[in-house]
Structure formats: C-alpha cells, structure tokens
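The sequence isn't on hand, but the structure is:
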C-alpha cells in the first residue's frame with residue numbers, strides 16, 4: 001500500500017527544465033559573455049586618450065584633425081570599430097600650446113549592453129576616458 005496516491009504530475013520536469021534554461025541560464029550566459037567587452041572598451045578608451053594627449057603635447061599644436069586620425073587608427077588596431085570612438089581636445093583648434101601648459105584628450109566609446117559573439121549586440125551606452133598631458137616646460141619652438 002502506498003502512503004499517498006499518485007497524481008497527474010507527468011511532464012512537469014521537462015517543462016520546468018526548459019523554462020529554467022530559457023529564463024535563467026540564457027540571460028546569465030549573455031551577461032557573462034558581455035562583461036569582458038565592457039572592460040575591453042574602457043581599456044581601449046584609456047589607451048587612445050593617453051596616446052592622443054601625448055601626441056598633442058609633443059607636437060605643440062592643438063590639432064583636432066590629427067587627434068581624430070590617431071583615434072580612428074588606434075581604434076582599428078585595438079579591434080574597435082572606428083565609428084564607435086570619438087575624441088575631443090580641450091584647447092583651441094590650431095593654437096600653439098604654451099610651455100608647461102596642459103592638454104586634455106577625452107575619448108568616448110560605445111559600450112554594448114549585451115554582446116553575444118556570433119549573434120550581435122543589443123543596446124549601448126557611452127563611456128568617456130580622459131587623459132591630461134603637460135607640454136614640456138623646456139621645449140623650444142621651431
């Protein structure tokens with residue numbers, strides 16, 4: 001004799017397994033696959049801002065066009081679509097930078113909210129990195 005009668009619970013395990021995978025496992029896997037992309041984009045923005053700031057300080061001129069070219073070149077070399085990175089300098093375009101002055105380069109990159117390799121990305125936000133470089137106080141002007 002059974003202590004309790006069997007009821008019609010057949011098929012619920014398969015349904016719960018499919019629902020569990022679809023509602024819990026897939027979103028967590030998407031998040032785990034996306035986290036490295038967030039860090040990679042931030043590191044890329046920092047590297048580009050650092051190099052643009054340095055090259056501008058060394059050249060002694062506030063050249064926005066050269067900064068854009070360097071940003072696109074570095075973005076492509078670092079595996080980022082050049083259209084996803086923009087740069088701004090905090091100096092007057094074409095102006096000569098004074099000795100000991102500082103120049104700040106700000107690079108903004110698009111960061112995907114969810115990025116599943118092989119499928120694509122959904123949503124995005126922007127992240128900005130800034131780097132300030134001092135112009136050599138003992139430099140000579142040409």
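Cool, got the structure. The model shown is predicted, which means the values in this text are computed figures rather than measured ones.

What are the buried residues along the strand or helix carrying residue 51?
Assigned by DSSP states H and E, residue 51 belongs to helix 26-59. Judged by neighbour count using 16 or more other C-beta atoms under 10 Å, the buried positions of helix 26-59 are 34, 37, 40-41, 44-53, 55-57. All C-beta atoms are positioned from the backbone trio N, CA, C, and that covers glycine.

can you give me the strands in the protein?
Using DSSP state E, the strands of the chain run over 85-89, 102-116, 120-134.

could I get those strands as CSV with mean pLDDT and mean neighbour count?
Listed next are those as CSV, based on pLDDT from 0 to 100; neighbours: other C-beta atoms under 10 Å:
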stretch, mean pLDDT, mean neighbour count
strand 85-89, 97, 20
strand 102-116, 90, 19
strand 120-134, 90, 14
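
got JSON lines for the ones you listed, with distance to residue 140 too?
What follows is these, written out as JSON lines (distance: least, C-beta to C-beta, whole Å):
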{"stretch": "strand 85-89", "distance to residue 140": "22"}
{"stretch": "strand 102-116", "distance to residue 140": "18"}
{"stretch": "strand 120-134", "distance to residue 140": "16"}
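
Tell me which of the ones you listed approaches residue 14 most closely.
The closest of these to residue 14 is strand 102-116. By C-beta to C-beta, the value is 25.8 Å.

how big is the angle separating the closest one from strand 120-134?
Taking axes from the mean of the first three to the mean of the last three C-alpha atoms, to 10 degrees, one finds strand 102-116 and strand 120-134 inclined to each other by 170 degrees.
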